[in-house]
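> Sequence first, then the predicted structure:
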Amino acid sequence: MSGKQRNLRQSSSDIAYEEVKRKIIELAYPPGMQLVEEQLSTELEVSRTPLRQALYRLTLENLLVKQSNGRMRVASITLSEVEEVYKVREVLEGLLVNEATDKMTTEKLQELDDLLVLMKLAAEQNRPEHTVGYGSQFHSVLHSLSTNLTAKRFMEQLDNQIERYRRIGGYINPAYRPMIPVQEHEEILHFIHQGDARKVEEAMRKHIHRSFVIAKETVELYLEN
């Protein structure tokens, strides 16, 4: 096989991986949904071999589950998982944003200001998918400033689960109020502007705990139906 062919295969696998992951996280492929290779191959316009490579990667990331019959289904959501994910997330993000505050730059501070403006506008226009998306970017900017490589590595391992539960809480729960996370991010940013790392960490942990409550309520509602 030529190098060009190998690169093409890898590229096709990457494209399939990113698209299936996006649809799982965005709930276009809901928890428990059966995925049929033939249909996915046609939908994504990729051959079966790179598709299988992509699906295998997603099983390693706990977004897909391979069943005893060899077929794939989207991983279920559970109360135990959401509790575990958010408990770990609260601790890790607290560490990351504390350090990020001390390493804040003018450029990154402006980026956070801009994201909060966009997040607030999306909330006012009742666009939860954008409210959640801009909030996620806000967190990512803070993570990028930390030099705690161990905490960042663990956060990356949890990222897919975090993103899926963010959307479960924001998209499905009828009690979700998009202006509440906006206000919480405003509080976080206020303390960042003051350079108070301890209060930034406290505000972030409070925000994550409330997000956990919403996500847990949503999972409970989802599992009842």
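Arrived safely. Computed from a predicted structure; not experimentally measured. Numbering: from 1, shown residues only.

> Let me know the average pLDDT across stretch 96-116.
Across stretch 96-116, pLDDT averages out at 97.

> first to last residue in that stretch, what's the distance?
In stretch 96-116, first residue to last residue: 19 Å (CA to CA, to the nearest Å).

> got any ranges where this structure has weak pLDDT?
The chain contains residues with pLDDT under 70 at 1-10.

> which stretch of helix or strand covers the residue most central in space within it?
What sits nearest the mean C-alpha location of the chain, by CA atoms, centre = their mean, is residue 163, with 1.8 Å. Using DSSP states H and E, residue 163 sits within helix 149-167.

> What segments of this structure are strands?
34-35, 64-66, 72-74 (DSSP state E).

> Break the protein into its domains for me.
3-74, 79-224 (automatic domain parsing).

> so how far is stretch 115-131 off the chain centroid?
Distance, stretch centre to chain centre, for stretch 115-131: 17 Å (CA atoms, centre = their mean, to the nearest Å).

> Now do the end-to-end distance for it.
End to end - CA to CA - stretch 115-131 spans 10 Å.

> Which residues does that stretch contact?
Residues outside stretch 115-131 that contact it (CB atoms under 8 Å, 6 or more residues apart in numbering): 26, 133-135, 137-138, 141, 167, 170-171, 176, 178-179, 181-182, 185-186, 189. Yep, even glycine has a C-beta here, placed from its N, CA and C like the rest.

> Now, those residues that are in helices?
Mapping the contacts of stretch 115-131 onto helices (DSSP state H) picks out 133-135, 137-138, 141, 167, 179, 181-182, 185-186, 189.

> contacting residues around residue 61?
Taking CB under 8 Å, 6+ apart, we find residue 61 in contact with 21, 160.

> do you know how far it is from residue 164?
In this structure, residue 61 and residue 164 are 11 Å apart, going by CB to CB, to the nearest Å.

> joint contacts of the two?
With CB under 8 Å, 6+ apart, residue 61 and residue 164 have no common neighbours.

> one step back: ranking the strands of the chain by burial, who's on top?
Counting by mean count of other CB atoms under 10 Å, strand 72-74 has the highest mean neighbour count of the strands of the chain, with a mean of 19.

> what's it packed up against?
Judged by 3 or more CB pairs under 8 Å, 6 or more residues apart in numbering; DSSP states H and E, the packing partners of strand 72-74 are strand 34-35, strand 64-66.

> Going by residue numbers, what spans are helices in this structure?
3-25, 37-44, 48-60, 79-102, 106-124, 128-145, 149-167, 179-194, 197-224.

> Many thanks, I have nothing further to ask.
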